[in-house]
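> got a sequence here, can you model it:
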Amino acid sequence: MIRRLFSALLLASSFSIAQQPATPPAGHDAHAVDIPGLKKELFAGITEADFLKLSDKPKTVKVILIATYTAANYGMNFNGYAHGKAVFTIPKDWTVEVTFINPSPIPHSAIVVEKDQVKKLQMGAPYFDGAGVPKPEVGLAVSKAEFSFVADEEGEYAFACGFPAHAINGHWLALEVSADAKAPTLQLGDKPAVEAK
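Residues are numbered from 1 along each chain as shown. This is a model prediction of the structure:
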């Protein structure tokens, strides 16, 4: 009888522990509700319409990536989206000018990698020449950086955070380079794709 009672208590406590929410990734425990130290002035006035815009230069598009834009995914997001839930489509051979903003004191970065790379702990080198901030594995805190690259090869890529273990935990957005695309577009979540203006 005591053995059955002990087994029942052990099973009940195991079930209770299993029902507890998952622990956020290291360094992001405060991001579940609020993001302490966030310098919102770094992205003040930037809206969804600014995330993808045509440049004055021919076949050139401007992309803004803001790390920790919201508390979604414990702050590991770009422009409020994670796990590839926003999709940038760029016509092949266009130049992409990226402004990366990290208003958080926690280091983040931005780098373009093949889509399958996001399953790895470390991102390695950018897929396209110049397609990332300097030292993406170190990251930047409370700062801005710019980089540009030519999307000269069709395929499925990602704008990923190059800080170790961030991309594998969802800190990436989809980037498709297509020879069929006539203009750059951005699809945010379930919303229809919008053409850059």
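
> what helix or strand is residue 177 on?
If you go by DSSP states H and E, residue 177 is part of strand 172-178.

> looking at this, residue 98 is in a strand?
Yes: counting by DSSP: H, G, I helix; E, B strand; the rest coil, residue 98 is part of a strand.

> ramachandran coordinates for the residue lying closest to it once chain neighbours are set aside?
Spatial nearest neighbour of residue 98, excluding adjacent residues (C-beta to C-beta, 6 or more residues apart in numbering): residue 63 at 4.8 Å. Every residue, glycine included, has its C-beta placed from N, CA and C. Backbone torsions of residue 63, given as degrees, to the nearest 10, read phi -120, psi 130.

> helix, strand or coil for residue 168?
Assignment for residue 168 (three-state DSSP): helix.

> that one: neighbour count?
18 (other C-beta atoms under 10 Å).

> could you give the bridge partners of the residue most central in space within the chain?
Nearest to the centroid of the C-alpha atoms of the chain, with distances taken as C-alpha atoms, centre = their mean, sits residue 172, at 3.1 Å. Beta bridges link residue 172 to residue 160, judged by DSSP bridges.

> before we move on, the earlier item: wait, the residue nearest to residue 98 touches residue 95, no?
No: in this structure residue 63 lies outside contact range of residue 95 using C-beta atoms under 8 Å: 10.8 Å.

> neighbour count: these two, which is higher?
Taking neighbours as other C-beta under 10 Å, residue 63 and residue 95 compare with residue 63 leading, 25 against 17.
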